[in-house]
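Q: coords below, sequence missing:
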């Protein structure tokens, strides 16, 4: 259950950081931020950052129990 709870902060953290870094024209190096189009809307996203931020969120939520 902690993993499911950690997905929301992981998505939000990835989305916010990818927007800031991607809108400045950078690819984030190891973060591999890329530009995708969903339903006509352009969005920046990074799978490595999503996995890392979800893992950190999962650890924090697990420690709070």
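A: All right, it came through fine. Bear in mind that the values here come from a model prediction, so they are computed numbers and not experimental data. Numbers count the residues shown, from 1 in each chain.
Q: list the contacts for the residue nearest to the spatial centre of the chain?
A: By CA atoms, centre = their mean, the mean C-alpha position of the chain lies nearest to residue 14, the distance being 1.9 Å. By CB atoms under 8 Å, 6 or more residues apart in numbering, the contact list for residue 14 reads 45-46, 49-50, 53. For glycine as for every other residue, the C-beta is placed from the backbone atoms N, C-alpha and C.
Q: Repeat the analysis, applying 7 Å as the threshold.
A: Neighbouring residues of residue 14 by CB atoms under 7 Å, 6 or more residues apart in numbering: 46, 49-50, 53.
Q: From those, list the buried ones, please.
A: The neighbour count (16 or more other CB atoms under 10 Å) marks 46, 49-50, 53 as buried among these.
Q: I'd like those written out as JSON lines, with distance to residue 36, secondary structure and pLDDT added.
A: Formatted as JSON lines, the buried ones among the contacts of residue 14 follow (distance: CB to CB, whole Å; DSSP: H, G, I helix; E, B strand; the rest coil; pLDDT from 0 to 100):
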{"residue": "46", "distance to residue 36": "11", "secondary structure": "coil", "pLDDT": "93"}
{"residue": "49", "distance to residue 36": "14", "secondary structure": "helix", "pLDDT": "94"}
{"residue": "50", "distance to residue 36": "13", "secondary structure": "helix", "pLDDT": "95"}
{"residue": "53", "distance to residue 36": "18", "secondary structure": "helix", "pLDDT": "96"}
